[in-house]
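Peer 1: give me the fold of what follows.
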Amino acid sequence: MNFKKIIDQLNLVGQCRKYGLPLWECPQFLFLIMGLIIIASIVSAYAIGTKYIEDPYTVSFIAIALTLVLLIMASIITNSFERLAEANRMKSEFVSVVSHQLRSPLSNLKWTLDLLMSERLTLKKDKQLEYLEILEENSKRMSDLISDLLITSRIEQGKFFIKKEKISLKTTVEQVLEEHKNALNPFNAKISFEAEKDLPNVNCDPSRIKMVISNLLDNARRYSRDNGKIEIRLKRGGRNIYFEIKDQGVGIPKEDQKLIFQRFFRSANALRHQTEGSGLGLYIAKSIIEKTGGRIGFQSQEGKGSTFWFSLPI
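Peer 2: Numbers count the residues shown, from 1 in each chain. Prediction:
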């Protein structure tokens, strides 16, 4: 733990603001109060012990035992309050994310439907098709968000299952690229894909791994600049196959990197450049890879791009 992190932990006001709670309801503040109560209890017990017990070792043993019991109780109670405070924070973030992400597509749907149902408006067939495509795109955005929320809920409840079978990761990547071809075209993204020859199959859930690759590709596309280059590589390393996707986008600030796989988290840099996104994609990707027996990570530098990778056992 570095010095800055210790200072952050000691900043009671900052910690309470993180949970959105007043000071007197904050777990860290309650822990401080309980610490003062423990100190007062120990001093009182020692004073009473020295008055009625002649053996100083017995008094010391009683004081130490009382200290341990009270510290354990304080830790359990504080952790319980902290979990409740975290649940409250996550609930607030959930409501904020869902309302924000649904507002835009719902507004677009309403506007388009009102326009199409207007009796005074006559549209050519190609223009009608354009508006129908807007309806389809916004319906998909809402469907994707709901799907991510359901998957996140299953992960949290321990009901998210992986059905493993042997597949070619190279073929899976090619399928994902083909499926995303139309979404990538408007951004003029230049995508290159290289795979080592004769790569062995991996044992995983095909649909779940497709979801991981799609999330990583979508992030690389959304946070890249126009005409940006996206490089995808597959290679073998020991008993693992490594997938790597590199972009030349906005990158991730150093202070945000430790939080990047948390639920609903989106870095300030990402919010400035891209308003879409629920902050669930990387959390889901990490859960899938780890349940498959693999590892996931990244390297990033703000303003220069990011490289995300995962490994799967052969």
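Peer 1: does the host helix or strand of Ile151 pack against any helices or strands, and if so which?
Peer 2: Using DSSP states H and E, the element containing Ile151 is helix 125-157. The contact analysis (3 or more CB pairs under 8 Å, 6 or more residues apart in numbering; DSSP states H and E) places helix 125-157 against helix 56-117, helix 281-292. In short, each C-beta sits where N, CA and C put it, glycine included.
Peer 1: chain center to the helix or strand that the shortest one is followed by, what's the gap?
Peer 2: Spelled out, that is helix 281-292. Counting by DSSP H and E, the next helix or strand C-terminal to helix 281-292 is strand 295-301. Centroid separation for strand 295-301 versus its chain: 13 Å, with CA atoms, centre = their mean, to the nearest Å.
Peer 1: helix or strand right after strand 295-301?
Peer 2: Once the chain leaves strand 295-301, the next helix or strand it forms, by DSSP H and E, is strand 305-313.
Peer 1: for that following strand, give me every contacting residue.
Peer 2: For strand 305-313, the surrounding residues in contact (CB atoms under 8 Å, 6 or more residues apart in numbering) are 169, 202-204, 209, 212, 216, 219-220, 223-224, 237, 239-252, 285, 289, 292-300.
Peer 1: let me know the angle separating that strand from helix 281-292.
Peer 2: Angle, strand 305-313 to helix 281-292, by axes from the mean of the first three to the mean of the last three CA atoms, to 10 degrees: 20 degrees.
Peer 1: quick revisit: relative to the whole chain's centre, how far out is the helix or strand following the helix holding Ile151?
Peer 2: Using DSSP H and E, the next helix or strand after helix 125-157 towards the C-terminus is strand 165-167. For strand 165-167, the separation from the chain centroid amounts to 27 Å (computed by CA atoms, centre = their mean).
Peer 1: who does strand 165-167 touch, helix- and strand-wise?
Peer 2: Secondary-structure packing of strand 165-167 (3+ CB pairs under 8 Å, 6+ apart): strand 202-204, helix 206-222.
Peer 1: and of the ones you listed, who's closest to Thr67?
Peer 2: helix 206-222 (48.2 Å; CB to CB).
Peer 1: now the element after that closest one, going C-ward?
Peer 2: That would be, after helix 206-222 and using DSSP H and E, strand 229-237.
Peer 1: could you list the paired strands of that following strand along with their orientation?
Peer 2: Strand 229-237 pairs in its sheet with strand 190-195 (parallel), strand 240-246 (antiparallel), by DSSP bridges.
Peer 1: tell me the angle the last one makes with helix 206-222.
Peer 2: Okay, so that is strand 240-246. Using the same axes, to 10 degrees, strand 240-246 lies at 30 degrees relative to helix 206-222.
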